[in-house]
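A.B. asks: Dropping a prediction and its sequence here:
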Amino acid sequence: MDTALNIFLIILLIAASILCIYLIITLKQVTKTIAALQKDVEQIKGNVEPILANVNIITGKVALVTEEVESVISAVKVLIENLKDKAEDLLDKTKRIKASVGDSPGGDVFRKVVGISRGISAFWGTLKNK
């Protein structure tokens, strides 16, 4: 029984030794893989940093352009509003002038003079065509 126990003990030690050697080899391979992965990550990091810097620059420029466009749009809105107000004022003044000319006795005379001038123009046009 002592011999069988010693044989099993020797087999157990040999198996443990083989397992330790396999574990060392596997750990070396894992270490190499991790080192390669770390190198790849550093390379990617080196490539990404300039891209991120460019993205930050572009973002800043886009923000500036957006602000400028917004200010131009605001100025155009103010200009359009001013033009609209001036057009409404002009229309109101035109309506008041027409109303004052149409209601006054001078308005009748003015309309008659305009009618006579149109009639004379038509008469001369007819004479010229014949």
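C.D. replies: Sure thing, it's come through. Values in this document were obtained by computation on a predicted structure and should not be read as measured data. Numbers count the residues shown, from 1 in each chain.
A.B. asks: Which element, helix or strand, includes Glu88?
C.D. replies: Using DSSP states H and E, Glu88 maps to helix 2-103.
A.B. asks: ok, then the element right after that helix?
C.D. replies: Going down the chain from helix 2-103, the next helix or strand is helix 105-129, by DSSP H and E.
A.B. asks: helices or strands up against the helix holding Glu88?
C.D. replies: For helix 2-103, the elements it packs on are helix 105-129, judged by 3 or more C-beta pairs under 8 Å, 6 or more residues apart in numbering; DSSP states H and E. For every residue, glycine as well, the C-beta is placed using N, CA and C.
A.B. asks: re earlier: how far out from the middle of the chain is the helix holding Glu88?
C.D. replies: On the basis of C-alpha atoms, centre = their mean, to the nearest Å, helix 2-103 sits 15 Å off its chain's mean C-alpha point.
A.B. asks: tell me the angle of that helix relative to helix 105-129?
C.D. replies: 90 degrees (axes from the mean of the first three to the mean of the last three C-alpha atoms, to 10 degrees).
A.B. asks: I'd like the average pLDDT over helix 2-103.
C.D. replies: The average pLDDT within helix 2-103 is 90.
A.B. asks: what's the answer for stretch 114-124, then?
C.D. replies: Mean pLDDT, computed over stretch 114-124, is 84.
A.B. asks: can you pull the buried residues of it?
C.D. replies: Going by neighbour count (16 or more other C-beta atoms under 10 Å), nothing in stretch 114-124 comes out as buried.
A.B. asks: As PDB, could you dump the C-alpha coordinates of it?
C.D. replies: C-alpha atoms of stretch 114-124 as PDB (Å, rounded to 0.1, in the frame of the first residue of the first chain):
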ATOM      1  CA  VAL A 114     -57.300 114.600 -66.100                       C
ATOM      2  CA  GLY A 115     -60.400 113.500 -68.200                       C
ATOM      3  CA  ILE A 116     -60.000 116.300 -70.600                       C
ATOM      4  CA  SER A 117     -56.200 115.600 -71.000                       C
ATOM      5  CA  ARG A 118     -57.000 112.000 -71.700                       C
ATOM      6  CA  GLY A 119     -59.600 112.900 -74.300                       C
ATOM      7  CA  ILE A 120     -57.200 115.300 -76.000                       C
ATOM      8  CA  SER A 121     -54.500 112.600 -76.000                       C
ATOM      9  CA  ALA A 122     -57.000 110.100 -77.600                       C
ATOM     10  CA  PHE A 123     -58.000 112.700 -80.200                       C
ATOM     11  CA  TRP A 124     -54.500 113.400 -81.200                       C
END
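A.B. asks: Nothing else from me, thank you.
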